[in-house]
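Chemist: take a look and give me a structure for this.
(4 chains)
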There are 4 protein chains.
Amino acid sequence: MTARRAGLLIATVTVVVTIAAGVLMRVLDHSEFPNVWLALWWAVQTVTTVGYGDVTPENGIGRGIATIVMLTGIGFLTVVTASITAVFVESARRRFYADTERAEQDRHSEIMERLERIESRLRDN
Amino acid sequence: MTARRAGLLIATVTVVVTIAAGVLMRVLDHSEFPNVWLALWWAVQTVTTVGYGDVTPENGIGRGIATIVMLTGIGFLTVVTASITAVFVESARRRFYADTERAEQDRHSEIMERLERIESRLRDN
Amino acid sequence: MTARRAGLLIATVTVVVTIAAGVLMRVLDHSEFPNVWLALWWAVQTVTTVGYGDVTPENGIGRGIATIVMLTGIGFLTVVTASITAVFVESARRRFYADTERAEQDRHSEIMERLERIESRLRDN
Amino acid sequence: MTARRAGLLIATVTVVVTIAAGVLMRVLDHSEFPNVWLALWWAVQTVTTVGYGDVTPENGIGRGIATIVMLTGIGFLTVVTASITAVFVESARRRFYADTERAEQDRHSEIMERLERIESRLRDN
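Modeler: Numbers count the residues shown, from 1 in each chain, chains lettered A, B, ... in the order given. As a prediction, this is how the structure comes out:
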């Protein structure tokens, strides 16, 4: 899997998990999350690891879901950072390679010209 | 876009979004954010994902702005980390290349000297 | 140590520290952490740096353990991000190398063919 | 500046800023931070971006110091991650280079042997 694809995959998974967790919280913990907007607000501040603590799950299942959202957030941070870095490093490599490849080709041409001359001299002898 | 420029761009965007969000909060949520300093204090701890929770937006528009600040903070973390990494990796590559290029040039010189000798021998024949 | 192994090592250490800290908190701070599930809930939101603040250690030893969990969390974030990045960059390097190596081999073949021809001509003379 | 040195520098700066901020808070905000241990506990959870919110600065100067601690924490995260990544990528590059360098040397030997043979044939003619 390429870095770009891994980045897009984790980004998609994170959006889906965040929204799904918000909706699930609304369904499973009526008292703490009386409406879905509050649940989504909680999900966003959890997945970004901000965690104000103004809304928090109080029962076991809610905390289990919260744990999944937190781990997804960490997964997003690490994989997306890695993915963007890999794209940057790769594009720098290609720019750099353009220069070194030219030096390599110059050396090759020098050798080939010499060999050409040697061969033609042998032909003439 | 180079890594360096992407890093500077996201840094600028983050500063602008953080200050703008602080000012907007003061305007849109008078009761929670009675002065602009409190709003900026909230914006800084949100964009850095610290999120004490001593000041939090209570209405929908405020939470929408908060979501933008949080996502900007995550964008900053990932892109700036990627940008610094790319600069480090690139400078290590250049140091490393200086060594391998020398080895490459030595090999090239060796071949060229040989070819020189062969050619001069052919000239003398 | 390779990047992959470092990533697995810090991941293992993080899981062990998180669980151990949860269990220790339950033992050492009965009043704040009346059951192990609450302690584990606290450990997870601390190691991921979410930190709602709904459960926090109140005595010195608890805060000492919390500090270790926080630093472990930061260690996890940095090393795992570095590890995944290194894997991405390395696999991009190998894909890229396949192309440059082919160009290198083509140049080498060209030289060898020339040398072959020169040598056979010398044999015939 | 190499990646390794940058990583050590930011780590040192972060430790110094965290401790200094804790001590300063104790001095400048007596009422919120009645003892230095509480101030250090606040500094650690701020620099790691955990931010429980159980202790927070209430006056302007305290929030200014807190902002510096938060930004130092983000600086630490980004630069240390970049630094570790660069070390991983560099060591992978050196392992990889050992292989490609061998291929390069084999090709060089092949050419040199051929040239040797051509030259000795010319000498014998």
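Chemist: can you pull the residues of chain A lying near chain B?
Modeler: Contact residues (C-beta under 8 Å from any C-beta of the partner chain) of chain A with chain B: A:37, A:41, A:44-45, A:48-54, A:76-77, A:80-81, A:84-85, A:87-89, A:91-93, A:96, A:100, A:103-104, A:107, A:110-111, A:114-115, A:117-118, A:121-122, A:125. C-beta coordinates here come from the backbone N, C-alpha and C atoms, glycine included.
Chemist: just checking: which of these also lie near chain C?
Modeler: Subset of those in contact with chain C: A:49-53, A:77, A:81, A:85, A:89, A:93, A:104, A:111, A:115, A:118, A:122, A:125, counting by C-beta under 8 Å from any C-beta.
Chemist: how about low-confidence regions in chain A?
Modeler: Under the criterion pLDDT under 70, the flagged ranges of chain A are A:125.
Chemist: does any part of the longest helix seen in it sit near chain D?
Modeler: Longest helix of chain A, by residue count under DSSP state H: helix A:60-124. Yes. Contact between helix A:60-124 and chain D is present through A:Thr81, A:Thr85, A:Val89 (criterion: C-beta under 8 Å from any C-beta).
Chemist: and that helix with helix C:60-124, angle?
Modeler: Computed by axes from the mean of the first three to the mean of the last three C-alpha atoms, to 10 degrees, the angle separating helix A:60-124 from helix C:60-124 equals 20 degrees.
Chemist: off-centre distance for helix A:60-124?
Modeler: 16 Å (C-alpha atoms, centre = their mean, to the nearest Å).
Chemist: tell me which other helices or strands that helix touches.
Modeler: helix A:3-28, helix A:36-47, helix B:3-28, helix B:60-124, helix C:36-47, helix C:60-124, helix D:60-124 (3 or more C-beta pairs under 8 Å, 6 or more residues apart in numbering or on different chains; DSSP states H and E).
Chemist: output these in a markdown table, with mean neighbour count and distance to D:Ile19 appended to each entry.
Modeler: Formatted as a markdown table, the helices and strands packed on helix A:60-124 follow (neighbours: other C-beta atoms under 10 Å in any protein chain shown; distance: least, C-beta to C-beta, whole Å):
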| stretch | mean neighbour count | distance to D:Ile19 |
| --- | --- | --- |
| helix A:3-28 | 17 | 35 |
| helix A:36-47 | 23 | 29 |
| helix B:3-28 | 17 | 27 |
| helix B:60-124 | 18 | 24 |
| helix C:36-47 | 23 | 21 |
| helix C:60-124 | 18 | 13 |
| helix D:60-124 | 18 | 11 |
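Chemist: can you redo those helices as CSV with distance to C:Met25?
Modeler: Formatted as CSV, the helices and strands packed on helix A:60-124 follow (distance: least, C-beta to C-beta, whole Å):
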stretch, distance to C:Met25
helix A:3-28, 25
helix A:36-47, 21
helix B:3-28, 35
helix B:60-124, 28
helix C:36-47, 4
helix C:60-124, 6
helix D:60-124, 24
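Chemist: surely A:Lys41 touches A:Tyr52?
Modeler: I think there's a mix-up here, since residue A:41 is Trp and not Lys. No. Contact between A:Trp41 and A:Tyr52 fails when scored by C-beta atoms under 8 Å: they sit 9.4 Å apart.
Chemist: how about the residue in chain A positioned nearest to chain D: what's its closest non-neighbour residue?
Modeler: Minimum separation of chain A from chain D (C-beta to the nearest C-beta) falls at A:Gly53, amounting to 5.8 Å. Spatial nearest neighbour of A:Gly53, chain neighbours left out: C:Tyr52 (3.7 Å); criterion: C-beta to C-beta, 6 or more residues apart in numbering or on different chains.
Chemist: from D:Gly51, how far out is that neighbour?
Modeler: 9 Å (C-beta to C-beta, to the nearest Å).
Chemist: name the residues contacting each of these two.
Modeler: A:Gly51, B:Gly53 (C-beta atoms under 8 Å, 6 or more residues apart in numbering or on different chains).
Chemist: the two: which has the busier surroundings?
Modeler: Using other C-beta atoms under 10 Å in any protein chain shown, the more surrounded residue of C:Tyr52 and D:Gly51 is D:Gly51, with 32 against 28.
Chemist: for A:Trp41, list the residues it contacts.
Modeler: By C-beta under 8 Å, 6+ apart, the contact set of A:Trp41 is A:Val55, B:Arg63, B:Thr67.
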